[in-house]
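# Task: produce atomic coordinates for the following.
(one chain, ligands or ions: 1)
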Amino acid sequence: MASRIVCQNPCGVSACDCVSVIGREISPQPALLAKTAETFKNVAATNALTFTPAALRVSAGDIVRFTFGSVAHNVFFVAQAGAPADIAGNNANVAIEREFAAPGTYAYTCHIHPQMHGTVEVR
Ligand SMILES: [Cu+2]
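Got it, this is the predicted structure:
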């Protein structure tokens, strides 16, 4: 049975589709099911072609949920030790999680919209 995880951290951006995304039934990867909802931090890939927040600070071991609205985006991390797997392809109306296990600053961009940049700082 898929678990429904409610967003604990609304981004407050009017253009963000977070509400519609979190209303969907999602199926987290098994390894992520052990994490409680409170451990999720959120980055919205918005229809306004931004990552919000553009700079996110988390703790080592935190899960970051990337939420995608009706405009498709992807997330490609600058190659470095500790960077999580890219979120390739065209992602719309979906939420995808990545775990950040190692301290560092991880920059990423959307290859569909190269002007979209963000960083996750892991402490
Ligand atoms: Cu994009």
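# okay, CA-based contacts and neighbour counts for the rest of this
Noted.
# Could you measure from residue 100 over to the ion?
Counting by Cα to the ion, to the nearest Å, the gap from residue 100 to the ion is 21 Å.
# now swap in residue 117 and tell me
For residue 117, the distance to the ion - Cα to the ion - is 9 Å.
# neighbours of that residue, just the number please.
When neighbours are defined as other Cα atoms under 10 Å, residue 117 has 20 of them.
# which non-adjacent residue is nearest it?
residue 109 (4.5 Å; Cα to Cα, 6 or more residues apart in numbering).
# Who does that neighbour form a beta bridge with?
residue 76, residue 117 (DSSP bridges).
# how about the closest residue to the ion within the chain, what does it touch?
In the chain, the residue that lies nearest the ion is residue 73 (3.6 Å; Cα to the ion). Taking Cα atoms under 8 Å, 6 or more residues apart in numbering, we find residue 73 in contact with 45, 89, 90, 91, 92, 110, 111, 112, 113.
# Strands - which of those land there?
45, 89, 90, 91 (DSSP state E).
# what's the most distant pair in these?
Taking Cα to Cα, the two most distant members of those are 45 and 89; they sit 13.7 Å apart.
# The ion contacts on the protein?
73, 110, 112, 113 (Cα under 5 Å from the ion).
# Farthest pair within these?
Longest span within the residues of the chain next to the ion, Cα to Cα: 73 and 113, 7.5 Å.
# can you pull out the helices in the chain?
Using DSSP state H, the helices of the chain run over 18-22, 30-33.
# least reliable of those helices going by mean pLDDT?
With a mean of 42, helix 18-22 has the lowest mean pLDDT of the helices of the chain.
# re the thing from before, so the residue nearest to residue 117 makes contact with residue 76?
Yes: when contacts are counted by Cα atoms under 8 Å, residue 109 is listed as touching residue 76 (5.4 Å).
# Please say which of those two ends up with more neighbours.
residue 109 (21 against 18).
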